[in-house]
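# got a sequence here, can you model it:
(2 chains)
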Amino acid sequence: DAKTTQPPSMDCAEGRAANLPCNHSTISGNEYVYWYRQIHSQGPQYIIHGLKNNETNEMASLIITEDRKSSTLILPHATLRDTAVYYCAITAFNTDKLIFGTGTRLQVFP
Amino acid sequence: DTAVSQTPKYLVTQMGNDKSIKCEQNLGHDTMYWYKQDSKKFLKIMFSYNNKELIINETVPNRFSPKSPDKAHLNLHINSLELGDSAVYFCASSQDGRVTDTQYFGPGTRLTVL
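All right, here's what the predicted structure looks like:
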């Protein structure tokens, strides 16, 4: 199974863009990149996913490098409520099996 | 309305006991999952069911037995509980279990084995 690597923690000032990196150098051609976040002790919440093109939705943008070995989740204007653990995950072998990384704890400060 | 619900939210029990966690989704999804999150917050899939049929069965001890009475419910029964089973267990569901289907997670059940 492809693995992901994320920094354990990051800080971001409120109102600024938060850029969260994820390394997935062993990803295969048909494996998707997913991002979820977990606020406090709640269940993980879906943010965005992509295969090779950049994606944007109302929550965030996902930038995937051309070689697909890494990606960046961008929260364009971070708020205090975005403080959470952000997980990068890969779908294994064209299945719906999500392989989660260890997550990045994002702290947004005033 | 809660999309994916789990009961109980907290479960404290003694080693050796048998316990069950229930999960229900009202999204009309065909696929449901169980995940385990350990004390280091590592989240790992355990099982998935599609329309009551077992699809994914990771290397989970056979003390863990999922049961799907219908496609809206996926319960997790654990026999002979061990200290290492202490974790937060999350249920999730997706429309059809396709690679592009979003998985929606429940609020979790925190299991503590004493």
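
# going forward, measure contacts between C-alpha atoms and count neighbours the same way
Noted.

# in the lowest-mean-pLDDT helix or strand in chain B, which residues are buried?
Least confident helix or strand of chain B, by mean pLDDT, DSSP states H and E, is strand B:53-57 with a mean of 84. Across strand B:53-57, burial judged by 16 or more other Cα atoms under 10 Å in any protein chain shown covers B:54-56.

# cool, and stretch B:34-43?
B:34-37, B:43.

# quick revisit: what does the least confident helix or strand of chain B contact?
Strand B:53-57 is contacted from outside by A:97, B:46-49, B:68, using Cα atoms under 8 Å, 6 or more residues apart in numbering or on different chains.

# now do 6 Å
The contact list for strand B:53-57 (Cα atoms under 6 Å, 6 or more residues apart in numbering or on different chains) reads B:47-49.

# any idea how far apart the tips of stretch B:39-57 sit?
Taking Cα to Cα, to the nearest Å, stretch B:39-57 runs 22 Å from one end to the other.

# now that stretch, how far from the centre of its chain.
7 Å (Cα atoms, centre = their mean, to the nearest Å).

# strand partners (parallel or antiparallel) of the least confident helix or strand of chain B?
Its sheet considered, strand B:53-57 pairs with strand B:43-50 (antiparallel) by DSSP bridges.

# avg pLDDT for the strand it pairs with?
Per-region confidence: strand B:43-50 scores 91 on mean pLDDT.

# ok, stretch A:68-75 next?
Averaged across stretch A:68-75, pLDDT comes to 96.

# at the contact with chain B, which residues of chain A appear?
Contact residues, chain A versus chain B (Cα under 6 Å from any Cα of the partner chain): A:42-44, A:95-96, A:102.

# I figured A:Leu51 hits A:Tyr32, correct?
Yes. A:Leu51 lies in contact with A:Tyr32 (Cα atoms under 6 Å); the separation is 4.7 Å.

# which residues sit against the helix or strand encompassing A:Leu20?
Element membership for A:Leu20, per DSSP states H and E: strand A:18-23. Contact with strand A:18-23 is made by A:4-6, A:12, A:70-75, as judged by Cα under 6 Å, 6+ apart.

# farthest pair within those?
Using Cα to Cα, the contacts of strand A:18-23 span at most 22.0 Å, a distance reached by A:Thr4 and A:Cys12.

# higher neighbour count, these two?
A:Thr4 (23 against 20; other Cα atoms under 10 Å in any protein chain shown).

# what are the phi and psi values for that one?
Dihedral pair for A:Thr4: phi -120, psi 150, per degrees, to the nearest 10.

# show the pLDDT at it.
Reported pLDDT for A:Thr4: 92.

# quick one, what contacts it?
A:Thr4 neighbours (Cα under 6 Å, 6+ apart): A:23-24, A:101.

# residues touching the spatially most central residue of chain B, list them.
Centroid-nearest residue in chain B: B:Trp34, 3.0 Å away (criterion: Cα atoms, centre = their mean). If a contact means Cα under 6 Å, 6+ apart, then B:Trp34 has B:46-47, B:90-91 as its contacts.

# quick one: the strands in chain A, in order.
Here chain A has its strands, by DSSP state E, at A:9-13, A:18-23, A:33-38, A:45-50, A:55-56, A:61-64, A:70-75, A:84-91, A:98-100, A:104-109.

# around chain A, pick out the residues from chain B.
Going by Cα under 6 Å from any Cα, the residues of chain B near chain A are B:42, B:97-99, B:105-108.

# okay if I get the residues you listed as JSON lines plus secondary structure and distance to A:Ala84?
Formatted as JSON lines, the residues of chain B next to chain A follow (DSSP: H, G, I helix; E, B strand; the rest coil; distance: Cα to Cα, whole Å):
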{"residue": "B:Phe42", "secondary structure": "coil", "distance to A:Ala84": "15"}
{"residue": "B:Gly97", "secondary structure": "coil", "distance to A:Ala84": "26"}
{"residue": "B:Arg98", "secondary structure": "coil", "distance to A:Ala84": "27"}
{"residue": "B:Val99", "secondary structure": "coil", "distance to A:Ala84": "25"}
{"residue": "B:Phe105", "secondary structure": "strand", "distance to A:Ala84": "16"}
{"residue": "B:Gly106", "secondary structure": "coil", "distance to A:Ala84": "17"}
{"residue": "B:Pro107", "secondary structure": "coil", "distance to A:Ala84": "15"}
{"residue": "B:Gly108", "secondary structure": "coil", "distance to A:Ala84": "16"}
